[in-house]
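Asker: coordinates only, sequence not included:
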């Protein structure tokens, strides 16, 4: 009986953790629709998820923290723009990400752009708010920096 209770507790606990995890969209069209509907800017995370040390560090120190999760749910729509070297990726996502890299002139990783999508004649344009990358000092410093970008040009 104790084993069943323990297993039940573990299953419920893992479901609670999954419910708190953030949704990082990889499809820009879907993310844009959410951003337009919620009137939140896009947070575009340009990363090399399986090879970029600073990207992995940013993920672990900031993007996977409860503090960032709370902030992101209130303020932005998350988009991962990944350039993996070892992990497979769908060709349409590769093409989309390459176009975004050119549009936002990303030259290094990690780079995070905050942008407002705007629909004009069935075409989506992006109003670039500002960019950042790795910020030392943990999630509170990173969030402080992101809030400055959002309030200064948002």
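Answerer: Thanks, I have it. Every value quoted in this text rests on a predicted model; they were computed, and no experiment measured them. Numbers count the residues shown, from 1 in each chain.
Asker: Just the helices from the chain, written as ranges.
Answerer: Here the chain has its helices, by DSSP state H, at 2-20, 28-38, 53-58, 66-75, 91-103, 138-153.
Asker: With mean neighbour count, distance to residue 122 and mean pLDDT added, can I get these in TSV?
Answerer: No exception for glycine: its C-beta is placed from N, CA and C like everyone else's. Output for the helices of the chain, formatted as TSV (neighbours: other C-beta atoms under 10 Å; distance: least, C-beta to C-beta, whole Å; pLDDT from 0 to 100):
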stretch	mean neighbour count	distance to residue 122	mean pLDDT
helix 2-20	9	36	46
helix 28-38	16	12	96
helix 53-58	16	34	97
helix 66-75	15	28	98
helix 91-103	14	17	97
helix 138-153	15	26	94
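Asker: out of those helices, which comes closest to residue 81?
Answerer: Set against residue 81 and scored by C-beta to C-beta, the helices of the chain come closest in helix 91-103, at 4.9 Å.
Asker: how about the helices of the chain in JSON lines, adding distance to residue 44?
Answerer: Putting these into JSON lines (distance: least, C-beta to C-beta, whole Å) gives the following:
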{"stretch": "helix 2-20", "distance to residue 44": "22"}
{"stretch": "helix 28-38", "distance to residue 44": "8"}
{"stretch": "helix 53-58", "distance to residue 44": "13"}
{"stretch": "helix 66-75", "distance to residue 44": "13"}
{"stretch": "helix 91-103", "distance to residue 44": "7"}
{"stretch": "helix 138-153", "distance to residue 44": "12"}
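Asker: of the ones you listed, which approaches residue 126 most closely?
Answerer: Proximity to residue 126, assessed across the helices of the chain by C-beta to C-beta, is greatest for helix 91-103 (7.0 Å).
Asker: which helices and strands does that closest one pack with?
Answerer: Identification of packing neighbours for helix 91-103 by 3 or more C-beta pairs under 8 Å, 6 or more residues apart in numbering; DSSP states H and E yields strand 42-47, strand 77-82.
Asker: Next, format these as CSV and append mean neighbour count.
Answerer: Formatted as CSV, these follow (neighbours: other C-beta atoms under 10 Å):
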stretch, mean neighbour count
strand 42-47, 24
strand 77-82, 22
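Asker: Which of these sits closest to residue 121?
Answerer: Of all these, strand 42-47 sits nearest to residue 121, with 19.9 Å by C-beta to C-beta.
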